[in-house]
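J.: Pasting a predicted model and its sequence here:
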Amino acid sequence: MTLLNQIFDIYVDLNITLALTAIIWLAAKLALNRFGRKLAFNYQLAILNGLFAVMVLSPLAVAVYQHMQVANVVPVAGTVNLADYAVSQYLRGGIAIPAEDFQSLLGLRSRVTESILTFAPGVGMAIDLFLLAGFAYFSARLAISVMRLRRMLSGCHKWRRSGRVSLLLSDRALVPFSARGLYRHYVVLPSDLLASPEDLKLVLKHELQHVRQGDVTWEIGLEFLRPLFFWNPFFYVWKSEVERLRELACDQKVTEEAGVDLKSYCMCLLRAAQAGFRKRELLKAKDRVGNVAAVALIEVQDRVLRRSPAQKLRRRVEALLEKDRLRPHWSFVCLAVLPMIAIVFLSALSIQKPADWSQDRIMLSTIINLDRMDRSTPTFGQRPLR
């Protein structure tokens, strides 16, 4: 297997594992809601980010596990592979289709992969053009977003600086937002916010909480992965969940602090949204911040096939009014998450390409050869084939 084949197989496996991980997360969330038990938002966000990290690292974990099998550190009998399991079930009579058709079905992924990597005319070429065009388009959007953000930051006025966090004032920012570079974090505030000291205090608490949670770093990672996963609908499901929980967790953390009034915080969100909408109309959104490296207090940009900013704001206010969310000790959370991590790892392991030859596959090949011989051998009363 060439290096290009290995890279493409890892890419396909990551997309499949991402879909399975998203389904696992949604199923776990649905189960908790059915039992009427809801985790605090910061716990949900931590679990979501942890599962995504496990998904991204799953190819490395699988490679280490397979190396340990070769070194006889773990038993080979413990191998989990869907293709090998399907062959075993076929030999046991659990799958009733012709042997040649079954073998052709098993080799479908290899044939499609080969046609894509060789730019074969037809389906292979169409998939290649689709992937290359999508990667180029979303990479260009990413570059434009970075340039817009850099231009926005360079046009801000420096206000204060504390450690690696710089507070900036902007005359053109629609809403407060957080961003970061390689070493520094930035909190950008609309300059007219200085006229409202109470709102300014709450906004700073909110944006600095984003910095402490590492939300901007996760946003950067997701945006840089978008050109690779642009065609996968589960990537957008996952990103939407992260964006939702990120804001809810931040709201929850800020309002739990002493001295923060819940009503005042909700009204601050409403005023920030109103100011953002007004400024958007005045500026015609010419200098809006791109999607990368920025986490805004309030969304004021309408997006296709997404909830409107008004709906998201309403959901945030309603979530702040919810009480009695579960806050178990982190050790219990880790124990509860371990089965989910195990399922993600086993899923990544099960979709790997099987070994070229195994006892079951030799048996399947023997059955196919016997069927071919049976069809080509004339029986009594039949005319010999010519």
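T.: Nice, I can see it.
J.: Show me which residues of the lowest-mean-pLDDT helix or strand in the chain are buried.
T.: Confidence across the helices and strands of the chain bottoms out at helix 359-376, with a mean of 76, counting by mean pLDDT, DSSP states H and E. Neighbour counts over helix 359-376 (16 or more other CB atoms under 10 Å) mark 360-361, 364, 367 as buried. From N, CA and C alone the C-beta is placed, and that goes for glycine too.
J.: For that helix, name the packing helices and strands.
T.: Other elements packing on helix 359-376 under the criterion 3 or more CB pairs under 8 Å, 6 or more residues apart in numbering; DSSP states H and E are helix 82-91, helix 99-106.
J.: Let me know which of the ones you listed is tucked in deepest.
T.: helix 82-91 (a mean of 17; mean count of other CB atoms under 10 Å).
J.: those helices in this protein, which residues are they?
T.: Using DSSP state H, the helices of the chain run over 3-34, 41-70, 82-91, 99-106, 108-117, 123-154, 197-213, 215-229, 233-255, 262-283, 309-321, 330-350, 359-376.
J.: Contact partners for Ser365?
T.: Residues near Ser365 by CB atoms under 8 Å, 6 or more residues apart in numbering: Gln103.
J.: Look up how far Leu14 lies from it.
T.: In this view, Ser365 and Leu14 are 31 Å apart by CB to CB, to the nearest Å.
J.: What is the burial count for Arg327?
T.: 11 (other CB atoms under 10 Å).
J.: Okay, the closest residue to it other than its chain neighbours and Ala22: tell me how far apart.
T.: In this structure, Arg327 finds its nearest non-sequential neighbour in Ala40, 5.0 Å apart by CB to CB, 6 or more residues apart in numbering. Here Ala40 is placed at a distance of 21 Å from Ala22 (CB to CB).
J.: Going by how many neighbours each has, rank these two and give me the top one.
T.: Each of Ala40 and Ala22 has its neighbours counted (other CB under 10 Å); Ala22 has more, 22 against 17.
J.: Pull up the per-residue confidence for Ser240.
T.: Listed pLDDT for Ser240 reads 91.
J.: next one: Asn33
T.: 78.
J.: for Gly381, same thing?
T.: 50.
J.: can you check Ala136 too?
T.: Per-residue pLDDT puts Ala136 at 97.
J.: again with Val112
T.: pLDDT recorded at Val112 is 89.
J.: contacting residues for the closest residue to His157 other than its chain neighbours?
T.: Excluding the flanking residues, the one nearest His157 by CB to CB, 6+ apart is Leu169, at 4.4 Å. By CB under 8 Å, 6+ apart, Leu169 lies in contact with 156-159, 188-191, 194.
J.: Pairing partners for Leu169 in the sheet, please.
T.: His157, Leu189 (DSSP bridges).
J.: Columns distance to Asp251 on top of the buried residues of helix 359-376, output as a markdown table?
T.: Output for these, formatted as a markdown table (distance: CB to CB, whole Å):
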| residue | distance to Asp251 |
| --- | --- |
| Asp360 | 55 |
| Arg361 | 55 |
| Leu364 | 57 |
| Ile367 | 62 |
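J.: Can you give me the neighbour number for Ser350?
T.: 17.
J.: In contact with it, which residues?
T.: 80-82, 85.
J.: between those, which is nearest Phe277?
T.: Nearest to Phe277 among the contacts of Ser350 is Leu82, at 50.4 Å by CB to CB.
J.: Could you report the distance from that closest one to Ile351?
T.: From Leu82 over to Ile351 the distance is 6 Å, taken as CB to CB.
J.: what touches both of these two?
T.: What both Leu82 and Ile351 touch, as defined by CB under 8 Å, 6+ apart, is an empty set.
J.: shaky segments in this protein?
T.: Applying pLDDT under 70 to the chain picks out residues 1, 36, 74-79, 284-293, 301-307, 355-358, 376-386.
J.: Domain-wise, how is it divided?
T.: 1-106+328-373, 157-326 (automatic domain parsing).
J.: tell me the most buried of the ones you listed?
T.: domain 157-326 (a mean of 17).
J.: distance between the ends of that domain?
T.: By CA to CA, to the nearest Å, the extent of domain 157-326 from end to end equals 42 Å.
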